[in-house]
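> I would like the atomic coordinates for the input below:
(one chain, ligands or ions: 1)
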Amino acid sequence: MAHDARPIDLRSDTVTRPTPAMRRAMAEAEVGDDQYGEDPTVHRLEARAAAMLGKEAALYVASGTMGNLVALLAHCGRGDEAILGDESHIFWYESGGAAALGGIAFNLRPTDRFGRLALDDIAGAIRPVRAGYPRTGVICLETTHNRCGGVALPVDYLRDVAEIARSRGVPVHLDGARIFNAAAALGVPAAEIAAQADSVQFCLSKGLAAPVGSVVTGTASFIEAARRARNLVGGAMRQAGVIAAAGLVALEEMVNRLPDDHVRARRLATGLAQIPGLVLDAATVQTNIVIFRPPSGLAPEAVIAGMKDDGVLISNYGTRGLRMVTHYEVDDAAIEATLAAAERVLAPVAV
Ligand SMILES: Cc1ncc(COP(=O)(O)O)c(C=O)c1O
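As a prediction, the model looks like this:
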C-alpha cells in the first residue's frame, strides 16, 4: 500500500480511525436510553465482552481511565489502599483519580522489567487486620504492561498472585487495556487471563480500533457497584449504542488480526537493534509496543523532531525512553519507511 501525505503515526495504537465496517454499524445502530437500561446495542456489547472474558457481567465506560477508576471505587472505600506497581498506568497517567475521587491510597511496589511485582512483596504489602492499619482494598496488575514495553504477564504469574490475594481475602483488578494483545502473545484465550482476576478493564479504542470506549467486567454484584460508581463520575450515557456498535465490530473483527501488529513490532525492534548505540530490550518486545533509548548524545526531543521531519510520529516515554506502537493503520511498508528514517535520524555519524 502506498503512503499518502499522512504521517506514519506510531505514537500509540489509540490513533486509529474507525474502520468502514464500524462507521456502517454506528450509522445503523439500534439505540435507546442506556441510563434507563434501554440501549440494546450497549447490552449486546456488554454481553459479548462478558462472554469473551468469561465473566458474569460487564459495563461499558467511556475510557480505560474511567474503567480503572470505577473498578477501584467499587473495590475500595475511602482510606483503603490499592497495591499498585510503580510503573503502572493507573499511577502514572490517570490524574490520581482514585485518590482524588475515592480517597484511595496507593501502596506502590517496584515493577520488574517484565511488568511483575514480586510475589513476596505483594504478600508483605497486604495489611494485617488491625485498627491502626489502612485496609487493603485491591491489588492491581497490568497486562500488557504499557511502560514495560507491552510485555504480557504469564498466566502462571497471574495465578500465583490470585492465590495470594484469595488467601488474604483481597480482590485483584487487572488493567487489561490490551488484554487481547496479551492473549495473542501468550496463545491463550483472553478468558484464561481474566479468570485470574476478580475484575478486568479492557479498551476497545486501542489495537481494536474502535473510536471510543472500554469495558469493565466482573461478577454481577461487582458490576452493579461499578455502575453506581460510573454514575458518580458522570459516566452514565444515553444513546451510547451509536459508539458501542463500533465496539462490537472491534470484538468481532479486530481481535484476530492483532498478531500482525506483533510481527511488525518485532520487525521494527530487530531493525532498530542494528543501529549502533541504540538500547533496546528485545525480550520485552512481545506485543505491539517497542521502547528504546537513542544512542547517548542524541536527545530524545531531537530524535522525535527528526523522525517527524521524515514523516514518522513517535512518543517520548520520559524515564523509559522513546516509544513506537504498531496498529491496524501501520502496514509493512510503513515499518520499512520507519526503519529507513530511524537509520538516518539515529545514526547520523555512523560509518
Ligand atoms: C495500560 C493502560 N491502561 C489504561 C489506559 C487508559 O485508557 P484511556 O486512554 O482510554 O483512558 C491506557 C491508555 O493508554 C493504558 O495503556
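
> can you name the residue of this structure nearest the ligand?
Across the chain, the shortest distance to the ligand (CB to the nearest ligand atom) belongs to Gly64, at 2.4 Å. Backbone N, C-alpha and C define where each C-beta goes, glycine included.

> give me the neighbour count for that residue.
The local packing of Gly64 (other CB atoms under 10 Å) involves 27 other residues.

> wait, isn't it in contact with Ser214?
Yes: in this structure Gly64 lies within contact range of Ser214 using CB atoms under 8 Å: 4.6 Å.

> who touches both of these two?
177, 201-203, 205 (CB atoms under 8 Å, 6 or more residues apart in numbering).

> quick check on the residue nearest in space to the middle of the chain: phi, psi?
Geometric centre of the chain, nearest residue: Ala177, 2.7 Å, by CA atoms, centre = their mean. For Ala177, the backbone dihedrals (degrees, to the nearest 10) come out as phi -40, psi -40.

> so who does it touch?
64, 89, 142, 144, 146, 201-203, 206, 214.

> could you tell me which of these belong to strands?
Among these, the members falling in strands (DSSP state E) are 142, 201-203, 214.

> using JSON lines, lay out those residues together with pLDDT.
Shown next, in JSON lines, are those (pLDDT from 0 to 100):
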{"residue": "Glu142", "pLDDT": "98"}
{"residue": "Gln201", "pLDDT": "98"}
{"residue": "Phe202", "pLDDT": "98"}
{"residue": "Cys203", "pLDDT": "98"}
{"residue": "Ser214", "pLDDT": "98"}
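
> give me the buried entries from those residues.
Buried subset of the ones in strands among the contacts of Ala177 (neighbour count, 16 or more other CB atoms under 10 Å): 142, 201-203, 214.

> low-confidence ranges, the protein, go.
Within the chain, the segments meeting pLDDT under 70 span 1-4, 348-351.

> what residues does it have near the ligand?
Counting by CB under 6 Å from any ligand atom, the chain comes close to the ligand at 63-65, 68, 89, 142, 146, 175, 177, 203, 205, 214.

> and the furthest pair within those?
Using CB to CB, those span at most 16.7 Å, a distance reached by Glu142 and Ser205.

> domains in this protein, as residue ranges please.
Listed by automatic domain parsing, the domain ranges of the chain are 8-15+257-346, 20-254.

> looking at those, which is buried most?
Counting by mean count of other CB atoms under 10 Å, domain 20-254 has the highest mean neighbour count of those, with a mean of 20.

> which helix or strand lies directly C-terminal to the helix or strand where Ala244 lies?
In this structure, Ala244 sits in helix 241-249 according to DSSP states H and E. Next helix or strand after helix 241-249 toward the C-terminus (DSSP H and E): helix 258-273.

> contacts for that next one next, please.
13, 150, 180-181, 184-185, 207, 278, 280, 282, 285-290, 292, 324-328, 330-332, 335, 338-339, 342, 346.

> make it 7 Å
The contact list for helix 258-273 (CB atoms under 7 Å, 6 or more residues apart in numbering) reads 180-181, 184-185, 207, 278, 280, 282, 285, 287-290, 292, 324, 326-327, 330, 332, 335, 338-339, 342.

> cool, stretch 277-285 as well?
Contacts of stretch 277-285 with the rest of the structure, by CB under 7 Å, 6+ apart, involve 113-114, 148-149, 151, 265-266, 269, 272-273, 292-296, 346.

> ok, Thr65 touching Gly96?
No: Thr65 is beyond contact range of Gly96, at 11.1 Å (criterion: CB atoms under 7 Å).

> so Ala283 versus Asp332, what's the distance?
The spacing between Ala283 and Asp332, counted by CB to CB, to the nearest Å, is 24 Å.

> tell me which element Gly124 is part of?
Assigned by DSSP H and E, Gly124 falls within helix 119-125.

> same check on Leu59?
For Leu59, the element it lies in under DSSP H and E is strand 57-61.

> what's near enough to touch Ala225?
Ala74.

> my bad, should have said Thr143
Each residue near Thr143 by CB under 7 Å, 6+ apart is listed here: 115, 152-153, 174, 176, 179, 182, 193.

> quick check on Thr217: phi, psi?
The phi/psi pair for Thr217 (degrees, to the nearest 10) is phi -130, psi 150.

> and for Met237?
Per-residue torsions, Met237: phi -110, psi 170 (degrees, to the nearest 10).

> nearest residue to it in space, please, no chain neighbours.
What sits nearest to Met237 in space, not counting adjacent residues and going by CB to CB, 6 or more residues apart in numbering, is Asp34, at 5.4 Å.

> surely the one you found touches His43?
No: under the criterion of CB under 7 Å, Asp34 makes no contact with His43, lying 8.6 Å away.

> what segments of this structure are strands?
Secondary structure of the chain (DSSP E): strands at 8-9, 57-61, 81-85, 105-109, 136-142, 172-175, 199-203, 214-218, 279-280, 289-293, 312-313, 315-316, 322-325.

> and the last one, what other elements does it pack with?
This points to strand 322-325. Other helices and strands packing on strand 322-325, by 3 or more CB pairs under 7 Å, 6 or more residues apart in numbering; DSSP states H and E, are strand 289-293.
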